[in-house]
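Peer 1: Just to be clear, the model below is a prediction. Sequence and coordinates:
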Amino acid sequence: MSKKIVIVGGVAGGASAAARARRLDETAKITMFERGPHVSFSNCSLPYYLGGLIDDADDLVMMSPEQFEKQYNIDAQVNSEVVAVDPAAKIVSVKQTQTGEMKQVNYDELVLSPGAKPVAPACIKGINRDNVFTVRNVVDIKKIHTFLEVNHATDVAIVGGGFIGLEMCENLAHTGRHISLIEAADHVMGTIDEDFAQLVHKELYDHGVDVIVKEGLAEITADKAILGSGREVPAQAVIVAIGVAPETELATKIGCKLGLTGGIAVDQHYQTSIPNIYAVGDAIEITHMLTRKKTRLALAFPAQMEARDAVDHMYGRPIQNQGVIGSAAIHIFDLNVASTGLTEHQCQKEGIDFRSAMVIPKSRVGLMPDATPLYLKLVFAYPSGEVLGAQALGKSDVDKQIDIVATMITMHGKISDLTHLEVCYSPWFSTAKNAVNMAALVAENILNGEYEQVPLTEVRKLVEKKAFIIDAREPDEYAAGHIINAVNIPLSEFRQRLDEIPTDQPVYIHCLSSQRSYNMVRALGNLGYHNVYNIVGSFLGLCEYEYFQDQVTERQPIVTNYRFDLL
């Protein structure tokens with residue numbers, strides 16, 4: 001007898017489950033119910049319709065029910081909401097959302113892929129106004145586009161600095177509107193650390209986005225967003241993108257257990273607590289490969305692989321559930337940002353002893369056109385050296401470096417596995433030692449205690465307490481812009497000027513990108529200096545890190561002239 005498989009929800013998880021089931025079983029009767037009008041669409045591409053990169057919103061729809069039927073013999077029914085399930089009888093009750101008509105469908109195996117819904121806190125006054133929107137599907141993005149055009153909205157406030165919020169910022173800014181980004185946390189993007197996030201802040205600021213951090217939204221009116229501090233932000237439209245919550249209403253109604261994070265609890269095979277019912281995608285609770293703790297992850301690739309594994313188990317095929325590490329990338333104006341694994345902040349939160357290494361090589365050999373800085377941070381466990389995470393930022397394809405590190409994390413690799421990792425090289429594509437090799441070599445030195453460093457986040461404190469800081473760049477570089485208290489002792493001269501370098505207090509050294517300063521630190525160590533520190537990121541990183549905060553606050557700059565034409 002043919003197996004009857006019913007799938008609740010389409011898009012990444014549901015559609016992938018349906019397609020995998022068909023590949024494994026040509027005789028199965030596969031029915032997929034989607035509450036909305038589109039069963040398969042590119043939700044990650046939604047913001048790009050507003051920016052004009054995608055001309056027609058209907059192009060966001062990847063497959064129609066008719067295509068599912070013709071190509072895969074899958075019965076994909078839209079505007080059909082599964083409102084109840086009888087697990088004992090293995091029957092689902094389906095409501096046609098346009099007509100209200102009810103029907104019942106039998107199943108042998110049921111897959112729940114309801115996704116996650118945008119969070120819109122009821123405590124925000126005016127959250128239900130007609131000029132307030134969330135972003136989840138094609139219908140949502142069409143509504144936003146229509147409202148902006150019909151009402152000639154010139155000011156838009158976006159609440160939330162995650163991936164959706166940032167992508168909406170960029171795309172709406174391209175339309176010439178004034179955009180305000182409101183983020184309650186210290187910085188945007190929780191997937192990167194504060195030092196890298198400041199570079200994102202600068203990128204947004206440079207493109208006219210009004211970046212507001214450490215501020216929550218309190219009220220929305222017809223023409224403004226009012227923050228908790230009382231500050232008013234002009235906004236004829238407000239897009240709320242502060243996060244998502246798992247859709248668990250149906251699962252709870254059925255009797256499926258929920259996990260610690262509020263997502264649907266599943267076992268290693270993606271089975272729920274009820275026999276013959278699986279769950280995949282944004283609605284479920286999964287395990288983080290590194291922390292071994294339960295988490296939720298709203299990303300397309302994990303959802304697709306969860307769906308594949310669930311169906312494989314359904315058909316008796318062996319699967320290996322390794323957990324997730326959270327690899328992600330985003331394009332923000334001229335900047336690309338990618339990350340994988342744990343950040344420094346997450347390590348601190350989890351009580352993991354760690355160290356980090358940061359390098360800023362060029363994206364390709366400097367003689368090549370368009371060679372630009374590539375910021376790369378590597379986070380690793382101490383003292384084991386196990387690779388825990390990485391963050392990369394620049395105008396080049398930084399996802400390459402992060403993909404390398406993601407592979408290493410999945411293989412439970414160590415820093416030593418990256419130092420000699422042989423990757424492709426050509427002057428057009430990278431430097432001879434790839435940024436990943438460089439970061440790993442620095443990490444190895446740190447792991448072995450060969451020298452000490454301080455992060456960019458500490459430099460302002462060093463300046464304020466008048467610490468002894470050496471600028472190891474050449475005099476012309478120093479004259480063009482420098483840290484206000486720094487003493488210019490170039491790497492090319494320091495051996496003749498050792499009498500100027502104190503031995504009775506800490507010495508902090510920087511250059512342009514930490515390379516020359518690193519060489520001076522090592523040399524001074526060999527000469528008997530024992531209290532010498534390399535400033536991670538050096539002058540290039542410091543300019544990027546400090547600039548945004550100096551623009552939005554009244555604090556005194558610690559650099560005489562910020563330089564962004566370097567490297």
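Peer 2: Thanks, I have it. Note that the structure is predicted; figures quoted are calculated from it, not measured. Numbers count the residues shown, from 1 in each chain.

Peer 1: alpha carbons only for contacts and neighbour counts from here, please
Peer 2: Noted.

Peer 1: what residues does stretch 191-203 touch?
Peer 2: For stretch 191-203, contacts defined as Cα atoms under 8 Å, 6 or more residues apart in numbering pick out 186-189, 211, 332-335, 339-340, 343-345, 391, 393, 456-457, 544-548.

Peer 1: Just the buried subset of those, written out for ChimeraX, thanks.
Peer 2: A single ChimeraX command suffices to select whichever of the contacts of stretch 191-203 are buried according to 16 or more other Cα atoms under 10 Å:
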select :187,188,189,211,332,333,335,339,340,343,344,391,393,456,544,545,546,547,548
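
Peer 1: the strands in the stretch 1-150 of the chain, which residues?
Peer 2: 4-8, 29-33, 40-41, 61-63, 75-77, 80-86, 91-96, 102-106, 109-112, 116-118, 132-133 (DSSP state E, counting those that start in this stretch).

Peer 1: any idea of the mean pLDDT in the longest one?
Peer 2: For strand 80-86, the mean per-residue pLDDT is 97.

Peer 1: same for it, what does it pack against?
Peer 2: strand 29-33, strand 91-96, helix 249-254 (3 or more Cα pairs under 8 Å, 6 or more residues apart in numbering; DSSP states H and E).

Peer 1: deepest of those, which one?
Peer 2: strand 29-33 (a mean of 22; mean count of other Cα atoms under 10 Å).

Peer 1: Compute the inter-axis angle for that strand and strand 91-96.
Peer 2: Relative orientation of strand 29-33 versus strand 91-96 (axes from the mean of the first three to the mean of the last three Cα atoms, to 10 degrees): 50 degrees.

Peer 1: from the chain's centre, how far out does strand 29-33 sit?
Peer 2: 33 Å (Cα atoms, centre = their mean, to the nearest Å).

Peer 1: For Phe380, see how far away Lys433 is.
Peer 2: Per Cα to Cα, to the nearest Å, Lys433 is found 20 Å from Phe380.

Peer 1: These two: who's more crowded?
Peer 2: Ranked by neighbour count (other Cα atoms under 10 Å), Lys433 and Phe380 place Phe380 first, with 30 against 18.

Peer 1: what about the more buried one, distance to Asp403?
Peer 2: 16 Å.

Peer 1: cool, and Pro490?
Peer 2: Pro490 is 37 Å from Asp403, by Cα to Cα.

Peer 1: quick one: which of these two has more around it?
Peer 2: Neighbours were counted for Pro490 and for Asp403 using other Cα under 10 Å; Pro490 has more, 21 against 17.

Peer 1: dump the residue contacts of the more buried one.
Peer 2: With contacts defined as Cα under 8 Å, 6+ apart, Pro490 is in contact with Asp471, Ala472, Arg473, Glu474, Pro475.

Peer 1: isn't the third one right up against Leu491?
Peer 2: In other words, Arg473. Yes. Checked against Cα atoms under 8 Å, the pair Arg473 and Leu491 is within contact range at 6.7 Å.

Peer 1: Overlap of the contact sets of the two?
Peer 2: Arg516.

Peer 1: Tell me which of these two has more neighbours.
Peer 2: Higher neighbour count among Arg473 and Leu491: Arg473, with 22 against 19, using other Cα under 10 Å.

Peer 1: and the more buried one, what is it in contact with?
Peer 2: Contacts of Arg473 by Cα under 8 Å, 6+ apart are Asn488, Ile489, Pro490, Leu491, His510, Cys511, Leu512, Arg516.

Peer 1: Relative to Asn531, how far out is the second one?
Peer 2: When distance is defined by Cα to Cα, Ile489 is 17 Å away from Asn531.

Peer 1: So which of these two has more stuff around it?
Peer 2: In terms of neighbours (other Cα under 10 Å), Ile489 is the more surrounded of Ile489 and Asn531; the figures are 23 against 17.

Peer 1: What about the residue lying closest to the more buried one once chain neighbours are set aside, how many residues nearby?
Peer 2: The shortest distance from Ile489 to any residue other than its chain neighbours is 5.4 Å, reached at Ala472 (Cα to Cα, 6 or more residues apart in numbering). Residues lying near Ala472 (other Cα under 10 Å) number 29.

Peer 1: got the contact list for Ala472?
Peer 2: Taking Cα under 8 Å, 6+ apart as the definition, contacts of Ala472 comprise Asn488, Ile489, Pro490, Leu491, Ile509, His510, Cys511, Arg516, Ser517, Met520.

Peer 1: Return the subset of the residues you listed lying in helices.
Peer 2: Among those, DSSP state H puts Arg516, Ser517, Met520 in helices.

Peer 1: Turn those into TSV, including neighbour count.
Peer 2: Shown next, in TSV, are those (neighbours: other Cα atoms under 10 Å):
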residue	neighbour count
Arg516	20
Ser517	26
Met520	25
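
Peer 1: Tell me the one of those residues nearest Gly243?
Peer 2: Gly243 has its nearest neighbour among these in Ser517, at 41.3 Å by Cα to Cα.

Peer 1: that older thread, so which of the strands of the stretch 1-150 of the chain gets nearest Lys294?
Peer 2: Of those, nearest to Lys294 by Cα to Cα is strand 116-118, at 16.8 Å.
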